[in-house]
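Asks: Below is the structure, and that's it, no one-letter string:
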């Protein structure tokens, strides 16, 4: 007697906007350039360049030395380099970041560590603030 399975193959997990999530496991080490048009999670170690059109999560066991560009970046592990988030960069209570941050919003939870420089980017804000003009009497 043969057994026939009617189960469908497992689908790729999705996060935000139906984009698939790519995951680098805790026992994985990668050196190079990485581009992803979905979301990415790194629990292992990575060294090089990362460009993610979606969100990047660096898990508690993640160790990243890279130039990073992503929509949102969440760091629970350790990251060193130039991090650019077009929306928000968040450092959790276990996260550590060394380097340069460019983001529209930066959030550091109590216990999280950041050492370096940061710049907030806002397209509609002038680069220089002008003194208020005196009112005409």
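Replies: All right, it came through fine. Since this is a predicted model, take the numbers as computed values, not measurements.

Asks: What ranges in the protein fall below the confidence cut-off?
Replies: Judged by pLDDT under 70, the chain has its weakly predicted residues at 1-20, 122-137.

Asks: one more time with 80
Replies: 1-20, 121-137 (pLDDT under 80).

Asks: all strands of it, in order?
Replies: Along the chain, counting by DSSP state E, strands occupy 14-15, 19-24, 29-36, 39-42, 45-52, 55-58, 63-75, 78-91, 96-108, 113-120.

Asks: In JSON lines: those, plus mean neighbour count.
Replies: Every C-beta, even on glycine, is put in place using the N, C-alpha and C of the backbone. As requested, these are exported to JSON lines (neighbours: other C-beta atoms under 10 Å):
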{"stretch": "strand 14-15", "mean neighbour count": "14"}
{"stretch": "strand 19-24", "mean neighbour count": "17"}
{"stretch": "strand 29-36", "mean neighbour count": "13"}
{"stretch": "strand 39-42", "mean neighbour count": "24"}
{"stretch": "strand 45-52", "mean neighbour count": "19"}
{"stretch": "strand 55-58", "mean neighbour count": "26"}
{"stretch": "strand 63-75", "mean neighbour count": "22"}
{"stretch": "strand 78-91", "mean neighbour count": "20"}
{"stretch": "strand 96-108", "mean neighbour count": "17"}
{"stretch": "strand 113-120", "mean neighbour count": "12"}
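
Asks: Need the residue closest to the centroid of the protein.
Replies: residue 73 (2.0 Å; C-alpha atoms, centre = their mean).

Asks: Test my guess that that one contacts residue 85.
Replies: Yes - using C-beta atoms under 8 Å, residue 73 is in contact with residue 85, at 4.6 Å.

Asks: Identify the contacts common to these two.
Replies: Counting by C-beta atoms under 8 Å, 6 or more residues apart in numbering, the residues touching both residue 73 and residue 85 are residue 103.
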